[in-house]
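Visitor: compute the structure for the input listed below.
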Amino acid sequence: MDGNMSAETMTKDLESMKQAGIGNALFLEVNVGVPRGPVEFMSAPWLALFSHAEKEARRLGIELTLGIGPGWSGSGGPWITGGQSMQHLVSDAVTVSAEEKKKIVLPLPLPKKPFFGEEGLTPEVKKEWLKFYKDIAVLAFPANEQDTPITDYEEKALYYRAPYSSAVVKPYLPSPSRVNSDKNAIKKNSIIDLTDKMLPDGTLNWLPPSGKWT
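Guide: Residues are numbered from 1 along each chain as shown. Modelled structure (predicted):
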């Protein structure tokens, strides 16, 4: 907890867990926004306290589970680049018309905002977070005038689910969006793969057929 650690409190915590019947402790090096304590990660005092926690857990018969790295994500940190960290898919869209015949430049999608906000990102981490991006696919399909997107799609597809007890988390998801007719759905055979027609600067070398396209 932000470097606030001592052998005495570790022993008391583990003994209280044992008394309550808890048989597994999760050891995470994280910050929670409280005033910073004196024990820095991987310093000599930290290593000594970690050894103490392991010995006390073994004495009490408590299994100790470790995170694979410091921080809430557990699999990323300042020692790796954005391309080596956990990744997610993002997208953006523009609507173009065959009649306009203008240059098409696709916008660069922004990363998804962390659930708990960007406030916890240091300037260095935020810079790296914004820097990494890799194109995967460029798709086009006839524009739908009655667009009815699926709400809460990330949770429904099990891409992400914030802790149930966190603020503003919906305990139950609303019913799926209603589709009045299959005319509102995108036909799979109407989707065109334009990945090989995009230049590095986002310019799309493509003239849409008749009508509006997304």
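Visitor: for the residue nearest to the spatial centre of the chain, grab phi and psi.
Guide: In the chain, the centroid-proximal residue (C-alpha atoms, centre = their mean) is residue 114; its distance is 6.0 Å. The phi and psi values for residue 114, taken as degrees, to the nearest 10, are phi -60, psi 150.
Visitor: helix or strand: which one has residue 8?
Guide: Element membership of residue 8 [criterion: DSSP states H and E] is helix 7-19.
Visitor: now that helix: mean pLDDT?
Guide: Taken as a whole, helix 7-19 has an average pLDDT of 96.
Visitor: stretch 145-153 too?
Guide: 72.
Visitor: and the residue nearest to the centre of the chain, how far from residue 3?
Guide: Separation of residue 114 from residue 3 (C-beta to C-beta, to the nearest Å): 22 Å. All C-beta atoms are positioned from the backbone trio N, CA, C, and that covers glycine.
Visitor: and residue 171, by the same measure?
Guide: 34 Å.
Visitor: for the protein, which spans come out with low pLDDT?
Guide: 72-78, 146-148, 175-184 (pLDDT under 70).
Visitor: most distant residue from the middle of it?
Guide: Distance to centre of the chain, C-alpha atoms, centre = their mean, peaks at residue 99 (39.4 Å).
Visitor: now do the phi/psi pair for that one.
Guide: Dihedral angles (degrees, to the nearest 10) for residue 99: phi -70, psi -30.
Visitor: coming back round to it: of residue 171 and residue 3, who's got more company?
Guide: In this view residue 171 and residue 3 are compared by other C-beta atoms under 10 Å, and residue 3 has more residues nearby, 17 against 6.
Visitor: distance between the ends of stretch 24-33?
Guide: End-to-end distance for stretch 24-33: 25 Å, by C-alpha to C-alpha, to the nearest Å.
Visitor: same check on stretch 145-160?
Guide: Terminal-residue distance, stretch 145-160 (C-alpha to C-alpha): 29 Å.
Visitor: just the buried residues of that stretch, please?
Guide: Buried positions in stretch 145-160, judged by neighbour count with 16 or more other C-beta atoms under 10 Å: none.
Visitor: can you give the distance of that stretch from its chain's centre?
Guide: Here stretch 145-160 is found 16 Å from its chain centre; the criterion is C-alpha atoms, centre = their mean, to the nearest Å.
Visitor: next: stretch 139-159.
Guide: 19 Å.
Visitor: ok, now stretch 127-136?
Guide: 13 Å.
Visitor: what sits up against that stretch?
Guide: The contact list for stretch 127-136 (C-beta atoms under 8 Å, 6 or more residues apart in numbering) reads 81, 82, 83, 85, 89, 108, 109, 110, 111, 121, 195, 198.
Visitor: try it again at 7 Å.
Guide: 81, 82, 83, 108, 111, 121 (C-beta atoms under 7 Å, 6 or more residues apart in numbering).
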